[in-house]
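Student: Structure for this input, please:
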Amino acid sequence: MSVNQSILPYLVCAALYAALAFYFWRRHWSGAARMSMGDETESRHGAEHSALLAPFALHSWLLSESMFGGTGMVLGVGNALSLILWLTVLIYGLGSLFYRLDGLHALVMPAAAVAVLLPVVFPSSQTLANTETLAFKAHLLISMAAYSLFTIASLHVMLMALIERRLHAGTLPAALQNMPPLLTMETLLFRIIAAGFVLLTLTIASGVLFSEELFGKPARFSHKTVFGALSWLIFGALLGGRMIYGWRGRTAVRWTLAGFLTLVLAYIGSKFVLEVILGR
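Tutor: Numbers count the residues shown, from 1 in each chain. Below is the predicted model:
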């Protein structure tokens, strides 16, 4: 397969995600969007969910080929980010069946459009060791799910901050007027964060307890360990502050984004420095 042919499916997938992002922006965010709650039919919601299947299926195939197309598992920074956004789309799609998450369409789709191209932009051929062990597979799945939940939480909290700002300015778009009340969105946010915190706890605990089996070496003090523990402390403090002091609003926004950025530095940041900047 030529270079152009190998890149083409990635470009098609990114274009499909981008087209959906544009559609949702036009429908839910732009000045042309003038819908009311009564216009939101079940059939339209079903069609919008079905439209996600094509780019998601193509993304799934591309990710599988990129990660498992060789002799072992390849999880460079490009594949890792693509996997996280793939899981984010999956969790978002499943969650939107139970919660009203229309406002997140236009945030998740552009991120997925960029992420699907990253294995091409940052290719890697270095295979991971110990991928055949059950402990490693469980550790990887739990950690990626935790990242994805915190990605959704970060997008969700930014949407809440935007709605609150627009409410104060008196310029709330028609689509956002149909979103649930901020208190309801806040409750959902902390449910997402709590689920992510449980998975992050399991990720850190499994990494420490089974380090030699997972990575072939004992647990050690490192950049990744420090930022991983710091993100765990931030999210733990946020959940504790919510329970004890009723933290909400801008406090929740700041702590959520701080915890997410710290988590990004813990894993993706270290991989980016090692693979892209240092070329290891």
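
Student: okay, CA-based contacts and neighbour counts for the rest of this
Tutor: Noted.

Student: need the next SSE after the host helix or strand of residue 111, C-terminal direction.
Tutor: Under the criterion DSSP states H and E, the helix or strand holding residue 111 is helix 105-115. Counting by DSSP H and E, the next helix or strand C-terminal to helix 105-115 is helix 118-121.

Student: list the helices and strands the helix holding residue 111 packs on?
Tutor: helix 3-28, helix 77-95 (3 or more Cα pairs under 8 Å, 6 or more residues apart in numbering; DSSP states H and E).

Student: Next, the buried residues of it.
Tutor: Within helix 105-115, the residues scored as buried using 16 or more other Cα atoms under 10 Å are 105, 106, 107, 108, 109, 110, 111, 112, 113, 114, 115.

Student: list the contacts for the fifth one?
Tutor: Residues near residue 109 by Cα atoms under 8 Å, 6 or more residues apart in numbering: 17, 18, 20, 21, 89.

Student: What distance do you get for it to residue 98?
Tutor: Computed with Cα to Cα, to the nearest Å, the distance linking residue 109 and residue 98 is 19 Å.

Student: do the same with the third one
Tutor: Taking Cα to Cα as the measure, residue 107 and residue 98 are separated by 19 Å.

Student: And stretch 118-133, end to end?
Tutor: 27 Å.

Student: longest helix in the chain, by residue count?
Tutor: Of all the segments assigned as helix in the chain under DSSP state H, the longest by residue count is helix 134-169.

Student: In that one, which residues are buried?
Tutor: Neighbour counts over helix 134-169 (16+ other Cα under 10 Å) mark 135-136, 139-140, 142-161, 163-164 as buried.

Student: could you give the angle of it to helix 77-95?
Tutor: For the pair helix 134-169 and helix 77-95, the angle between their directions (axes from the mean of the first three to the mean of the last three Cα atoms, to 10 degrees) equals 70 degrees.

Student: any idea how far helix 134-169 is from the chain center?
Tutor: Averaging C-alpha positions (Cα atoms, centre = their mean, to the nearest Å) puts helix 134-169 6 Å from its chain's average.

Student: coming back round to it: which one of the contacts of residue 109 is nearest residue 243?
Tutor: When the contacts of residue 109 are compared for distance to residue 243 (Cα to Cα), residue 89 wins out at 29.1 Å.

Student: ok, back up a step: winner for burial among the helices and strands packed on helix 105-115?
Tutor: Among these, helix 77-95 has the highest mean neighbour count (mean count of other Cα atoms under 10 Å), at a mean of 21.

Student: which secondary structure elements does that one contact?
Tutor: By 3+ Cα pairs under 8 Å, 6+ apart, helix 77-95 packs against helix 53-68, helix 105-115, helix 118-121, helix 134-169.

Student: Find out how far it is from the centre of the chain, if you would.
Tutor: For helix 77-95 - counting by Cα atoms, centre = their mean - the centre lies 5 Å from the chain centre.

Student: pull the CA atoms of it into CSV?
Tutor: What follows is the C-alpha trace of helix 77-95 in CSV, where atoms were taken according to Å, rounded to 0.1, in the frame of the first residue of the first chain:
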residue,chain,number,x,y,z
VAL,A,77,1.7,8.8,21.6
GLY,A,78,-0.3,9.0,18.4
ASN,A,79,-2.1,5.6,19.1
ALA,A,80,-2.6,6.4,22.7
LEU,A,81,-4.3,9.7,22.0
SER,A,82,-6.4,8.1,19.3
LEU,A,83,-7.4,5.3,21.6
ILE,A,84,-8.4,7.7,24.3
LEU,A,85,-10.6,9.7,22.0
TRP,A,86,-12.0,6.5,20.5
LEU,A,87,-13.1,5.5,24.0
THR,A,88,-14.4,9.0,24.6
VAL,A,89,-16.7,8.8,21.6
LEU,A,90,-17.8,5.3,22.7
ILE,A,91,-18.6,6.4,26.3
TYR,A,92,-20.2,9.6,25.0
GLY,A,93,-22.4,7.7,22.5
LEU,A,94,-23.5,5.3,25.2
GLY,A,95,-24.0,8.0,27.8
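
Student: tilt between that helix and helix 53-68?
Tutor: Taking the same axes, to 10 degrees, helix 77-95 and helix 53-68 form an angle of 140 degrees between their directions.
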